[in-house]
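Novice: Provided below for reference: sequence and predicted model.
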Amino acid sequence: MTNIHATAAEMASALSAKEISSVELTQQHLERIASVDGKIHAFLHIDNEGALAQAEAIDKKRAGGEKLSPLAGVPIAVKDILAQKGIPTTAGSKILEGWRPPYDSTVVAKLKAAGVVILGKTNMDEFAMGSSTENSAYGTTQNPWDLTRTPGGSSGGSAAAVAAFEAPLAIGTDTGGSIRQPAALTGIVGVKPTYGGVSRYGVIAYSSSLDQVGPFARTVLDTALLHEAIAGHDERDSTSINAPVPQVVSAAKRLDVKGMKIGVIKELSGSGFQAGVSARIAESLELLVAQGAEIVEVSCPNFEYALAAYYLIAPSEASSNLARFDSMRYGLRVGDDGSKGAEEVMSATREAGFGKEVKRRIILGTYALSSGYYDAYYGSAQKVRTLVKQDFDNAFAKVDVLVSPVTPTTAFKIGEKSNDPVAMYLSDIATIPVNMAGIGGMSLPVGLADEDGLPVGLQIMAPLMQDDRFYRVGGTLEAALLSKWGKPILSNAPDLAVK
Amino acid sequence: MAAISRDDVAHLAKLARIEMTPAELDHMASELDQILGAVKRVQEVATADISPTSHPLSMSNVFRDDVVKPSLSNDEALSGAPAKAEDRFKVPQILGEE
C-alpha cells in the first residue's frame, strides 16, 4: 500500500504491482486537496469527476493487460496556463474567467495519452508575470513551509501543490525562473528544459522566445520521468526542436559525477545572497567534490545586465502576445451596450480584465518597441542577450555544468515586495540568464537556511539539449544529501492536515 | 527629468487599447520611470559591433505538407465567444469610427 508521501516512481510501481488502484490513489490526493488546499490555495480548479474517470479508465486498461506508460495512473497538477479541453483555463487572469478551451495543449494531450491523471489547474501570477503568485486575479498561494510566505512564482500553485503532497507531480512554465524559483522556495525539484525541448502549443504565450514548459516533482527521478513524458518534437510548435529527447531518466539514475567539471559562477555568488543560502550551496559543492567532481570558478561578466535586458525583452514580446485579448472571440467583453464601437469595447475590456502588473508590462513593452526608442531599449536588450549567450558558451568550453543559487533569498513574506516592482524583479536575478540563452536548468533542494529554516535551491545548468547533465549531477547530489540527512527535506515541513 | 511623462503613458495606453483611469496613469508614469531607470543599463554594454539575438535557437523556417487534418468545428470555435450570431463571432461596430 502506498500513500501520498511516496514518490511518483513508487506510486507507479505500486500501481503496476496492483497494490493500489489509480482510483484509490487519485481519491487519496483529492481528499488531501480537500483537507489542506483551503490553507494553501494551490488550485484554481479541481476536476474531481474528470480525474476519477481518467483513473478508472487506466485501471480498466491495466486489468485488461494493456501495456501502459511508466507514469500511468499517477496524479498530476497542471498550471492554469495550459489549455485543457473543456476545463476552465484562466492564466490567473479575469480576462479569461470562465473560458473553457475547445482543445488540448500538446503537453496535456501527452499527459492524457500517458495515462497521467490530471487533478486540476493550479494558481499562478497573471499570464505568468510575477515571482510570488500575488499577481493572480484569484488570490495568493501560500507556501506550505510557512503560510505567511509566498511559494514563489509564477508557477507557485504547481510548486505548492507538490510540496504540500496534494500531487506528486506538476507542470509549470518558466520564462525567467517561474519553475526554478518556486521549486527552490518550496523545497522541491523543478526543471526548465532546453528551449524547444517541450512543445508550447496550447500554452498561453507570455514571451515566446523565453517561455518553456517543464516538470516539478519531489525527487530528481520523478522529475525526469515527467520530463520524458512531456518532451519531444511537435509539428504544431515551429520552435520545437526536431531531435531525440535527452536521456534524462537514465541520467537521473546514474548516481555518479566522477570526472565532471562543475563551474561556479563568480557573479552569482557572495554578496547579494542570503548567508544561509550561500552556506547550503557551499556544502553541496563539497559533497559533489567528495563524489569525484571537480569545481572550477568561472566568470560570466555580462550576467549583471541580463535582468535589465529581460525586463525589456519579455514585456516587449508580451505587449504583442497579449494583443490577442481583444474581447472579440473569447474571454471577457465589457461595455458592449450597442452604443460603443469595437475599439472602445476593447479598451474597456482590457482595462477591466488585466491586472496591474500585466498593464505595467504591456505599457513598458509598447514603449520599448515604439519608434524612436526601439534601438535604445529593445535593440540594446537583444545585444545583451548575445553577450549572455557568449558568457555561457565561454563557460561551457571549460566545464560540463554550471551552478549557482536559484534565488538570492529563501521564501519572502506575502506583501513584502508587492508594491516594489524592481525589488520583486530581483528575485529572478540568477534564473534569467538561462532563459536568455535558451539552455536548461534545474532547481534542486539542498537544505534549509540556518536563519529561517526555509528551503534553499541549487541551480544546475547545462548547454542546449544536454539536459541529461543536470539530471546526472542533481541525482547524485540528491542521493548524497539524503544519506547525510537520513530523511527527505519535506519531512521538515509542517504537517498541514486538519486534525 | 523623468524619462517618461504622464502624457507619454496616456499615449501608450491608447496604443495598447487600455482605457486607464487618471489615477492609474499617474501611478504608472512614476513606476515606469523607476523601471526604465533600472533597465536602461543595457545601453552601457550594447555597442555597435554586437549583433542582436532575437531568439535562443538558430532555426530556419519550418514547412510541412499541406494536408487536410481534423480541426475545430464551427460550434467549438465559437464556444468561447462573448457574443455570436448566424454561426459567426458578433462584434461591436468596427466601421464609422474615426
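Specialist: Arrived safely. Residues are numbered from 1 along each chain as shown, chains lettered A, B, ... in the order given.
Novice: tell me the pLDDT at the closest residue to chain B within the stretch 51-200 of chain A?
Specialist: The nearest approach of the stretch 51-200 of chain A to chain B comes at residue A:102, 4.0 Å away (CB to the nearest CB). All C-beta atoms are positioned from the backbone trio N, CA, C, and that covers glycine. With respect to pLDDT, residue A:102 has a value of 97.
Novice: quick check: chain neighbours aside, which residue is closest to residue A:87?
Specialist: Spatial nearest neighbour of residue A:87, chain neighbours left out: residue A:47 (6.0 Å); criterion: CB to CB, 6 or more residues apart in numbering or on different chains.
Novice: and if you look at residue B:10?
Specialist: Spatial nearest neighbour of residue B:10, excluding adjacent residues (CB to CB, 6+ apart): residue B:25 at 5.5 Å.
Novice: what's the answer for residue B:21, then?
Specialist: residue A:351 (7.9 Å).
Novice: please work out the average pLDDT along the host helix or strand of that neighbour.
Specialist: Assessed by DSSP states H and E, residue A:351 sits inside helix A:342-353. Helix A:342-353 comes out with an average pLDDT of 97.
Novice: please apply the same query to stretch A:313-328.
Specialist: 97.
Novice: and it, how far from the chain's centre?
Specialist: Its chain's C-alpha centre and that of stretch A:313-328 lie 21 Å apart, by CA atoms, centre = their mean, to the nearest Å.
Novice: how about it as PDB, C-alpha atoms only?
Specialist: The C-alpha coordinates for stretch A:313-328 follow below in PDB (Å, rounded to 0.1, in the frame of the first residue of the first chain):
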ATOM      1  CA  ILE A 313      12.500  41.700 -24.000                       C
ATOM      2  CA  ALA A 314       9.800  39.900 -22.000                       C
ATOM      3  CA  PRO A 315       7.400  43.000 -21.800                       C
ATOM      4  CA  SER A 316       8.000  43.700 -25.500                       C
ATOM      5  CA  GLU A 317       7.000  40.200 -26.500                       C
ATOM      6  CA  ALA A 318       4.100  40.300 -24.000                       C
ATOM      7  CA  SER A 319       2.800  43.600 -25.400                       C
ATOM      8  CA  SER A 320       2.500  41.800 -28.800                       C
ATOM      9  CA  ASN A 321       1.300  38.400 -27.500                       C
ATOM     10  CA  LEU A 322      -1.400  39.900 -25.200                       C
ATOM     11  CA  ALA A 323      -2.900  41.900 -28.100                       C
ATOM     12  CA  ARG A 324      -5.000  38.800 -28.800                       C
ATOM     13  CA  PHE A 325      -7.100  39.500 -25.700                       C
ATOM     14  CA  ASP A 326      -9.400  41.800 -27.700                       C
ATOM     15  CA  SER A 327     -12.800  40.700 -26.300                       C
ATOM     16  CA  MET A 328     -13.900  39.700 -29.800                       C
END
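Novice: now the residue of the stretch 351-499 of chain A found nearest chain B: closest residue in space, sequence neighbours ignored.
Specialist: Using CB to the nearest CB, residue A:438 is the residue of the stretch 351-499 of chain A that sits closest to chain B, at 2.3 Å. Spatial nearest neighbour of residue A:438, excluding adjacent residues (CB to CB, 6+ apart): residue B:56 at 2.3 Å.
Novice: how much space separates the one you found from residue A:439?
Specialist: Using CB to CB, to the nearest Å, one gets 8 Å for the distance from residue B:56 to residue A:439.
Novice: same check, this time on residue A:420
Specialist: The gap separating residue A:420 from residue A:439 is 30 Å, by CB to CB.
Novice: ok, residue A:233 next?
Specialist: According to CB to CB, residue A:233 and residue A:439 sit 18 Å apart.
Novice: neighbour count for those two, which is higher?
Specialist: For residue A:233 versus residue A:439, neighbours defined as other CB atoms under 10 Å in any protein chain shown are more numerous around residue A:439 (25 against 14).
Novice: quick one: contacts for the closest residue to the more buried one other than its chain neighbours?
Specialist: Nearest residue to residue A:439 in three dimensions, chain neighbours excluded: residue A:464, at 5.5 Å (CB to CB, 6+ apart). For residue A:464, the contacting residues are A:194-195, A:437-440, B:56-57, by CB atoms under 8 Å, 6 or more residues apart in numbering or on different chains.
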